[in-house]
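Colleague: this is a predicted model, with the sequence first.
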Amino acid sequence: MSQIENSILAGLLNDPNFCKKTIPFLQEEYFLDRVDKEVFRAVKEFVNKYKGVPTKEALLIFLQNNKGLTEDEFSKCKALLGEMAKTPKQDTEWLCDTTEKFCKDKAIYNAILQSIQIIDGKDKVHTPHALPEILSKALAVSFDTNVGHDFLEDYEERYEFYHRTEKKIPFDLEMFNVITKGGISPKTLNIIMAGTGVGKSLFMCHHAAACLMQNKNVLYITLEMAEERIAERVDANIMDITMDELQDLSIDLYEKRFQSSTRGVSGKLIVKEYPTSYANVNHFRILLDELRLKKQFIPDIIFVDYINICSSARFKHGNNISSYGYIKAIAEELRGLAMERDVPIVSATQVNRSGFSSTDVDLTDTSESFGLPHTADLMLALITTDELEKAGQIMVKQLKNRYNDKTANKKFIVGLNHSKMKFYDIDSELSEDLMDSNIQKGESDGFGSGYGAKDFKSKFGSSRDKDTSNWNM
């Protein structure tokens with residue numbers, strides 16, 4: 001047994017503070033010698049069961065009851081306990097720091113050994129695709145000493161938090177920034193809901209393009225369309241040309257237009273395609289780790305197109321689980337990934353049959369699972385009518401909003417150019433005319449709630465022109 005292992009085991013027996021701080025992080029596999037393993041296992045079982053530090057005598061009784069120990073191994077354990085009891089108490093802070101380094105080194109060593117087993121084909125459970133996750137977990141081993149926020153003592157930290165500027169990714173559309181107080185935050189799940197063909201993927205492609213033009217790293221995961229189709233939509237958006245014009249460009253003109261549009265852009269956009277209903281958050285984790293290792297790419301925002309055709313990492317579809325529970329599980333897993341990787345995730349869902357023909361979509365029109373709105377931080381509905389479609393515009397309705405009060409600006413209108421795959425801010429006077437012509441008299445929850453068009457213009461100024469020529473870079 002090495003000196004550090006002797007010090008750790010002695011500290012567990014002799015220093016209650018050290019034992020309480022380190023026992024949750026120490027693992028049996030960190031100890032190579034069988035006698036060390038058995039003594040540590042006895043300590044951990046005692047602490048977990050009795051919530052206190054064991055005595056030498058208590059550990060001896062535990063070890064005596066261990067039927068897996070031979071007489072010789074028990075004698076060695078007894079001798080080790082005698083040495084531990086005689087070992088002088090070390091400085092707790094130093095011993096905690098030294099033990100943390102020991103745990104990190106052992107975790108990395110064990111991960112490397114496991115990786116070799118996987119590569120040699122001796123591990124029948126894992127495939128080589130699991131290597132990035134195994135190594136990442138080993139590198140992430142640390143002692144988390146945070147035990148929570150003390151309301152009475154930590155008021156200064158709380159005050160700083162209240163006045164800290166939150167890191168957000170803004171939209172390029174004014175009203176979206178108004179309702180989210182400047183954009184979407186990391187560790188959030190943001191959902192766009194609409195009927196088939198209304199513009200869910202179009203919105204995500206537009207926002208992905210806008211984030212790229214803000215020099216953000218963007219990961220777009222698609223389970224519906226091919227990678228090239230997503231890239232095609234982003235191309236049309238950032239080059240401000242129609243899809244038909246994009247198809248007609250020669251290679252030289254395409255290259256010139258593309259380089260002109262993306263000049264000065266330092267962000268990256270990665271589009272990854274998975275088969276429908278195949279991929280879950282574990283696939284996404286592996287992808288993120290591979291992108292970081294192979295391309296040094298860490299996304300600032302992730303788009304998943306779309307949530308209903310992902311699979312769950314926890315449940316098998318149709319295995320005695322309802323669509324409510326299944327979709328809710330996927331939403332929880334995606335939001336967990338957003339929190340784990342400190343990024344916002346944007347996805348979409350469809351409306352149900354009743355919502356498809358509705359001009360006033362609500363949360364109850366969510367397709368398959370009402371558990372999705374329970375999990376999402378922001379949920380917006382895209383609504384179209386014949387009049388809106390003819391005007392080249394679309395209605396946005398807030399369904400859920402953890403960023404702001406959703407009753408203000410509950411509904412508003414933005415422009416939509418399908419051919420260029422682009423949303424745009426519309427002139428406030430046009431918006432006001434459209435409101436007057438489309439909202440029924442006496443409707444209590446219409447565009448009149450929150451800012452009106454004139455209020456919006458006076459507060460935020462004129463919006464960009466429909467042609468958005470300033471998008472040419």
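Modeller: Right, received. Where do you want to start?
Colleague: per-residue confidence for the closest residue to G11 other than its chain neighbours?
Modeller: Counting by C-beta to C-beta, 6 or more residues apart in numbering, F18 is the residue found nearest to G11 once chain neighbours are left out, at 4.4 Å. In this view, the C-beta of every residue, glycine as well, is placed from N, C-alpha and C. pLDDT recorded at F18 is 90.
Colleague: do you know how far F18 is from L95?
Modeller: Counting by C-beta to C-beta, to the nearest Å, the gap from F18 to L95 is 6 Å.
Colleague: what does K167 give?
Modeller: As defined by C-beta to C-beta, K167 lies at a distance of 37 Å from L95.
Colleague: so these two - more neighbours on which side?
Modeller: Set K167 next to L95 and count neighbours by other C-beta atoms under 10 Å: L95 wins out with 21 against 10.
Colleague: list the contacts for the more buried one?
Modeller: The contact partners of L95, taken as C-beta atoms under 8 Å, 6 or more residues apart in numbering, are 7-8, 11, 15, 18.
Colleague: and V271, how many neighbours?
Modeller: A count of nearby residues for V271, using other C-beta under 10 Å, gives 21.
Colleague: and L32, by the same measure?
Modeller: Should you count by other C-beta under 10 Å, L32 turns out to have 13 residues around it.
Colleague: that one: what secondary structure?
Modeller: coil (DSSP: H, G, I helix; E, B strand; the rest coil).
Colleague: counting neighbours, which bits of stretch 66-83 end up buried?
Modeller: 69, 74, 76-78, 80-81 (16 or more other C-beta atoms under 10 Å).
Colleague: closest one of those to A210?
Modeller: Of all the buried residues of stretch 66-83, L80 has the smallest distance to A210: 63.1 Å, by C-beta to C-beta.
Colleague: make sure the closest one is indeed in a strand.
Modeller: No: assessed with three-state DSSP, L80 is helix; it does not lie in a strand.
Colleague: now the longest strand that the chain contains, how far from the chain's geometric center?
Modeller: Of all the segments of type strand in the chain, defined by DSSP state E, the longest one is strand 393-401. In terms of C-alpha atoms, centre = their mean, to the nearest Å, the centre of strand 393-401 is found 23 Å from the chain centre.
Colleague: now stretch 183-203
Modeller: 15 Å.
Colleague: which residues does stretch 68-84 contact?
Modeller: Outside stretch 68-84, the residues that reach it (C-beta under 8 Å, 6+ apart) are 1, 6, 9-10, 13-14, 34-36, 38-39, 56, 59-60, 63-64, 66.
Colleague: weed out the non-buried ones from these.
Modeller: By 16+ other C-beta under 10 Å, the contacts of stretch 68-84 give 9-10, 13-14, 35-36, 38-39, 59-60, 63 as buried.
Colleague: among the residues you listed, name the ones in strands.
Modeller: Short answer: these have none in strands (DSSP E).
Colleague: I'd say F258 and D235 touch.
Modeller: Yes: with contacts defined as C-beta atoms under 8 Å, F258 counts as touching D235 at a distance of 7.1 Å.
Colleague: more crowded one of those two?
Modeller: D235 (22 against 14).
Colleague: roughly how far does the more buried one sit from L60?
Modeller: 73 Å.
Colleague: ok so, going back, need the residues touching each of F18 and L95.
Modeller: What both F18 and L95 touch, as defined by C-beta under 8 Å, 6+ apart, is the set G11.
Colleague: find me the pLDDT at K457, would you?
Modeller: pLDDT, K457: 39.
Colleague: and for Q440?
Modeller: Reading off the model, Q440 has pLDDT 43.
Colleague: what's the answer for I426, then?
Modeller: Listed pLDDT for I426 reads 83.
Colleague: the nearest residue to it once chain neighbours are set aside pairs with what?
Modeller: Nearest residue to I426, sequence neighbours excluded (C-beta to C-beta, 6+ apart): G415, at 4.4 Å. Assessed by DSSP bridges, G415 has beta-bridge partners Q393, Y424.
Colleague: so what's G415 up against?
Modeller: 392-394, 423-426, 466.
Colleague: between those, identify the one with the most neighbours.
Modeller: Result: F423 is most packed of the contacts of G415 (other C-beta under 10 Å), 27 neighbours.
Colleague: could you pull out the strands for the stretch 51-200 of the chain?
Modeller: 189-194 (DSSP state E, counting those that start in this stretch).
Colleague: so which bits of stretch 409-429 are buried?
Modeller: 409-417, 420-428.
Colleague: and the pLDDT for H317?
Modeller: 70.
Colleague: typo on my end, it should be E157
Modeller: 87.
Colleague: over to D436?
Modeller: If you check D436, the pLDDT there is 53.
Colleague: looking at the chain, which helix or strand is least sure?
Modeller: Within the chain, no helix or strand scores below helix 453-460, which has a mean of 38 by mean pLDDT, DSSP states H and E.
Colleague: nearest residue to K406 other than its sequence neighbours?
Modeller: That would be Q398: by C-beta to C-beta, 6+ apart, it lies 4.1 Å from K406.
Colleague: circling back to that earlier point, closest one to V361 out of the contacts of G415, please.
Modeller: I394 (12.0 Å).
Colleague: how close does that closest one sit to G415?
Modeller: In terms of C-beta to C-beta, I394 sits 8 Å off from G415.
Colleague: residues in contact with the longest strand of the chain?
Modeller: By C-beta under 8 Å, 6+ apart, the list of residues contacting strand 393-401 reads 175-176, 179-180, 193, 198-199, 360-363, 373, 376-385, 388, 406, 409-416, 423, 426, 434.
Colleague: pretty sure G183 is touching L173, no?
Modeller: No: the criterion here is C-beta under 8 Å, and G183 misses it with L173 at 10.5 Å.
Colleague: quick one: which of these two has more around it?
Modeller: L173 (22 against 18).
Colleague: you'd agree that one is up against F423?
Modeller: Yes: judged on C-beta under 8 Å, L173 makes contact with F423 at a distance of 6.0 Å.
Colleague: list residues touching both of the two?
Modeller: Common neighbours of L173 and F423, counting by C-beta under 8 Å, 6+ apart, are V414.
Colleague: all helices of the stretch 151-300 of the chain, in order?
Modeller: Assignment of helices within the stretch 151-300 of the chain using DSSP state H, counting those that start in this stretch yields the ranges 155-162, 174-180, 200-213, 227-239, 243-248, 251-261, 281-295.
Colleague: now the helix ranked longest in the chain: buried residues?
Modeller: In the chain, assigned by DSSP state H, the helix with the most residues is helix 92-119. Buried residues in helix 92-119, counted by 16+ other C-beta under 10 Å: 95-96, 98-100, 102-104, 106-107, 110-111, 114-115, 118.
Colleague: quick check: the residue lying closest to T375 once chain neighbours are set aside vs L13, distance?
Modeller: With sequence-adjacent residues excluded and distances taken as C-beta to C-beta, 6+ apart, T375 is closest to A331, at 4.0 Å. In this view, A331 and L13 are 46 Å apart by C-beta to C-beta.
Colleague: where does this protein have low pLDDT?
Modeller: Residue ranges of the chain with pLDDT under 70: 1, 145-147, 318-319, 353-358, 368, 428-473.
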